[in-house]
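Visitor: Provided below are the primary sequence and the corresponding predicted coordinates.
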Amino acid sequence: MIDSLNISVKKTSASRIGQLDFANIPFGKIYADHLFTASYIDGGWKTPEIVPYEDLRISPASPALHYGISVFEGLKAYKNDQGEVLVFRPDKNFERMNVSAERMCMPLIPEQLYFDGLNTLLDIDRDWVPSAQGTSLYIRPFLFSDDDYIGIRPSQNFRFMIITCPVGAYYAKPVKVKIETHYTRAAEGGSGFCKTGCNYGPAIYPAKLAQEKGYDQLLWTDGKEHRYIEESGTMNVMFIIDGKLITPSLGDSILDGITRDSVMALASDWGMDVEERKVEVNEVMSAIKEGRVSEVFGVGTAATIAQIELIGHEGTDYELPAVETREFSNKVLKVLDDIKYGRIEDKFGWMHTV
Ligand SMILES: *Cc1c(COP(=O)(O)O)cnc(C)c1O
């Protein structure tokens, strides 16, 4: 056992928790009382501290603002019936954050800094973790360049922070998606496998165009030929075709989702055939026309499962089977919830108690 880091803690003298209506939590608007912050200066991590949630001071020349030198993560904490706070697979987010950091020429975050920061922050703000069914505390770790230098080069100073915000029960309304065959989210050799700020800004415009045509989001295809399906909005995508669970295999242009990994682990555990491979648009469209596609859904931390009810392709809309008939995704959603809220045995060891 290593001792925990010496995190200095400055608590707020005016908690804002009274402003939160736990029966009606707005998404991403009210942040918990405290944040965790640490600075990387002169080649080392310094001054880990917890302070009241507040606005930042940052150099107007920071490469985070100009060149997107920033990476982030998203994970959730849940409260079980005993009032304990449990975090879903934080080790996976830790690993992935460092994969993103390396690609962006940023220093790796030491394991102890990440976990001590996370645990101490959640311990102090544990009252902010809502307990009603479907609610959780969204956790946003992020790392950004804190240089005061406008040149383009690897940065030297950074800040690592964690903020959190309570989120309400996410009613995942089934979505209509359009297969995108012009715009590209990520390309081979690019940074699509990272959660870095610069991947998300440019994806908003094509999504907005699709929304103007009545779709909710896009099914992204590969940047070279627009021939293979990659992701759905900011989620990974899965298909049940002929009873098999099929999802695009990982690569430079696909984010290694933790929900994706968890859903595949459950499917394998239940004895289902799971295929990770290239998924051709044409293959899916023919399978839909032949009635062999029983389920299509997005997977990600925000919604866990987002059912896809319709796919638009080259001007035609294809309806998918009714959501109530989707045995696999409905079951996986329920089992994942049961694991997260501690209602069934956590046989994969996914939950981390604060
Ligand atoms: C975060 C994210 C996902 C989902 O990852 P989870 O770890 O399951 O939340 C999928 N695709 C993109 C592009 C993402 O940013």
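Guide: That came through, no problem. Numbers count the residues shown, from 1 in each chain.
Visitor: Specify which residues of the stretch 251-354 of the chain, grouped into ranges, have pLDDT under the cut-off.
Guide: By pLDDT under 70, the stretch 251-354 of the chain has no low-scoring segment.
Visitor: K46 touches S39, doesn't it?
Guide: Yes: counting by CB atoms under 8 Å, K46 touches S39, with 5.2 Å between them. From N, CA and C alone the C-beta is placed, and that goes for glycine too.
Visitor: between the two, which one's more packed in?
Guide: Per other CB atoms under 10 Å, whichever of K46 and S39 has more neighbours is S39, with 17 against 10.
Visitor: wouldn't that one be in contact with N157 here?
Guide: Yes: the criterion here is CB under 8 Å, and S39 meets it with N157 at 7.2 Å.
Visitor: Mutual contacts of these two, please.
Guide: D146 (CB atoms under 8 Å, 6 or more residues apart in numbering).
Visitor: Can you list the residue ranges for strands in the stretch 1-150 of the chain?
Guide: Shown for the stretch 1-150 of the chain, the strands assigned by DSSP state E, counting those that start in this stretch span residues 8-9, 34-41, 44-52, 70-72, 75-79, 85-88, 136-145.
Visitor: Also the stretch 201-350 of the chain?
Guide: So, for the stretch 201-350 of the chain - with DSSP E, counting those that start in this stretch - the strands run 217-221, 228-232, 235-241, 244-248, 274-277, 279-280, 293-300, 304-313, 316-319.
Visitor: Among those, which comes closest to the ligand?
Guide: Ranking those by distance to the ligand, with CB to the nearest ligand atom as the measure, places strand 293-300 first at 3.6 Å.
Visitor: Okay, now the sheet partners of the closest one, with direction.
Guide: strand 235-241 (antiparallel), strand 304-313 (antiparallel) (DSSP bridges).
Visitor: I'd like the ones you listed as CSV, with distance to the ligand and mean neighbour count appended.
Guide: Formatted as CSV, the strands paired with strand 293-300 follow (distance: least, CB to the nearest ligand atom, whole Å; neighbours: other CB atoms under 10 Å):
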stretch, distance to the ligand, mean neighbour count
strand 235-241, 5, 24
strand 304-313, 8, 21
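Visitor: With distance to F72 as added columns, please give the ones you listed in a markdown table.
Guide: Formatted as a markdown table, the strands paired with strand 293-300 follow (distance: least, CB to CB, whole Å):
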| stretch | distance to F72 |
| --- | --- |
| strand 235-241 | 16 |
| strand 304-313 | 19 |
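Visitor: right, so of those, which gets closest to C105?
Guide: Nearest to C105 among the strands paired with strand 293-300 is strand 235-241 (26.2 Å), distances taken as CB to CB.
Visitor: before we move on, the earlier item: and the strands of the stretch 1-150 of the chain: which comes nearest the ligand?
Guide: strand 75-79 (7.6 Å).
Visitor: Show me what from the protein comes close to the ligand.
Guide: 74, 195, 231, 234-236, 255, 257-260, 300-301 (CB under 6 Å from any ligand atom).
Visitor: is it possible to export those to TSV including distance to S131?
Guide: Putting the residues of the chain next to the ligand into TSV (distance: CB to CB, whole Å) gives the following:
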residue	distance to S131
G74	21
K195	28
E231	32
T234	27
M235	26
N236	29
L255	30
G257	26
I258	23
T259	22
R260	27
G300	23
T301	19
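Visitor: Please spell out the ChimeraX selection for the buried subset of the residues you listed.
Guide: Filtering the residues of the chain next to the ligand down to the buried ones (16 or more other CB atoms under 10 Å) takes a single ChimeraX command:
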select :74,195,231,234,235,236,255,257,258,259,260,300,301
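Visitor: what sits against E324?
Guide: With CB under 8 Å, 6+ apart, E324 has these contacts: N330.
Visitor: Can you give me the domain boundaries for the protein?
Guide: 4-167, 175-340 (automatic domain parsing).
Visitor: Could you dump those into TSV with distance to D346 added?
Guide: Shown next, in TSV, are the domains of the chain (distance: least, CB to CB, whole Å):
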stretch	distance to D346
domain 4-167	9
domain 175-340	5
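Visitor: Which one of the ones you listed lies nearest to M351?
Guide: Each of the domains of the chain has some distance to M351 by CB to CB; the shortest is domain 4-167, at 4.5 Å.
Visitor: Bridge partners for K79, pull those for me.
Guide: With DSSP bridges as the rule, K79 is bridged to V85.
Visitor: Neighbours of it, how many?
Guide: Look at K79: counted by other CB under 10 Å, it has 20 neighbours.
Visitor: Distance check, it against A210.
Guide: Counting by CB to CB, to the nearest Å, the gap from K79 to A210 is 36 Å.
Visitor: before we move on, what about F160?
Guide: Distance from F160 to A210, by CB to CB: 35 Å.
Visitor: So for these two, which residue has more residues nearby?
Guide: F160 (26 against 22).
Visitor: ok so, going back, mind putting the strands of the stretch 1-150 of the chain into JSON lines with distance to V296?
Guide: What follows is the strands of the stretch 1-150 of the chain, written out as JSON lines (distance: least, CB to CB, whole Å):
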{"stretch": "strand 8-9", "distance to V296": "47"}
{"stretch": "strand 34-41", "distance to V296": "38"}
{"stretch": "strand 44-52", "distance to V296": "42"}
{"stretch": "strand 70-72", "distance to V296": "27"}
{"stretch": "strand 75-79", "distance to V296": "24"}
{"stretch": "strand 85-88", "distance to V296": "24"}
{"stretch": "strand 136-145", "distance to V296": "25"}
